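Chemist: got a predicted structure here, sequence first:
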Amino acid sequence: MAKVIIGMIPPGGWHYYDSDVKLTSHSYESLLKSVENYRAENHLPTRDVEGDVNSYICSNWPNFCHGVDMVMVTSVHPETRQQSLLNDITTWARNLLNSKTPNKLISDELAEERAKTCKECPNNKPWKSGCSSCVSAAERICASIRNGRDTKSSTKLGGCELMRHDNRSAIFFDTSKLSQATSIPENCWMNIK
């Protein structure tokens, strides 16, 4: 049987629908108690509270559970383009953060020129959607790798759909620290070494 990963809070917090009633709580254990109490107060069969809650969470968010290969998934939400970009940006930023070589940043003036180029590019896409905790974590990592720096235009940037990085952060890096896509548009600042 699949088990919920207690350290990961599902989207929308700890919750469970019993009939048409949404039960919420601040923790997994407290949610189990809330479901048990709700069923007892409403003269409903107690059944397997933990199994029901685990099944609900694991069928809706399999990545929040151990042993999901044994769960029959009833609702699968395909990853959106924004969520895919968010995941790639998070991986990119973590790799830079954990890099053994120091991340040398360029001047604010050059970063601002790059930001203006990105701002007009059709590959500059929004990436902050889906799991709010995931977005916040990615934003923290990205701010960390650029040492919290910003320019006038950089705050309006999204992620690069081709390079799979956060433009707001990438504009501060020397091009040698950034991966190259196979086909970069001619007007991209990445073409200028």
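Modeler: Structure's in. What do you need? This is a predicted model, so every value here is computed, not measured.

Chemist: contacts, neighbours, all on C-alpha from now
Modeler: Will do.

Chemist: in stretch 57-69, what's buried?
Modeler: Residues 57, 58, 59, 60, 61, 62, 64, 65, 68 are the ones in stretch 57-69 that count as buried (16 or more other C-alpha atoms under 10 Å).

Chemist: ugh, wrong one, I meant stretch 21-28
Modeler: 24, 25, 28.

Chemist: and the next helix or strand past the longest helix along the chain?
Modeler: If you go by DSSP state H, the chain has its longest helix at helix 81-97. Next helix or strand after helix 81-97 toward the C-terminus (DSSP states H and E): helix 108-120.

Chemist: my guess is residue 36 meets residue 49, correct?
Modeler: Yes. With contact defined as C-alpha atoms under 8 Å, residue 36 reaches residue 49; the gap is 6.4 Å.

Chemist: using PDB, write out every CA atom in the longest helix of the chain.
Modeler: Extracted C-alpha coordinates of helix 81-97, given in PDB (Å, rounded to 0.1, in the frame of the first residue of the first chain):
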ATOM      1  CA  ARG A  81       4.600  23.600 -20.100                       C
ATOM      2  CA  GLN A  82       4.900  26.100 -17.200                       C
ATOM      3  CA  GLN A  83       5.400  23.300 -14.700                       C
ATOM      4  CA  SER A  84       7.900  21.600 -16.900                       C
ATOM      5  CA  LEU A  85       9.800  24.900 -17.200                       C
ATOM      6  CA  LEU A  86       9.600  25.400 -13.400                       C
ATOM      7  CA  ASN A  87      11.100  22.000 -12.900                       C
ATOM      8  CA  ASP A  88      13.900  22.600 -15.400                       C
ATOM      9  CA  ILE A  89      14.700  26.000 -13.900                       C
ATOM     10  CA  THR A  90      14.800  24.600 -10.400                       C
ATOM     11  CA  THR A  91      17.300  21.900 -11.500                       C
ATOM     12  CA  TRP A  92      19.400  24.500 -13.400                       C
ATOM     13  CA  ALA A  93      19.500  26.800 -10.400                       C
ATOM     14  CA  ARG A  94      20.400  24.000  -8.000                       C
ATOM     15  CA  ASN A  95      23.200  22.800 -10.200                       C
ATOM     16  CA  LEU A  96      24.700  26.300 -10.300                       C
ATOM     17  CA  LEU A  97      24.200  26.700  -6.500                       C
END
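
Chemist: all set, thanks.
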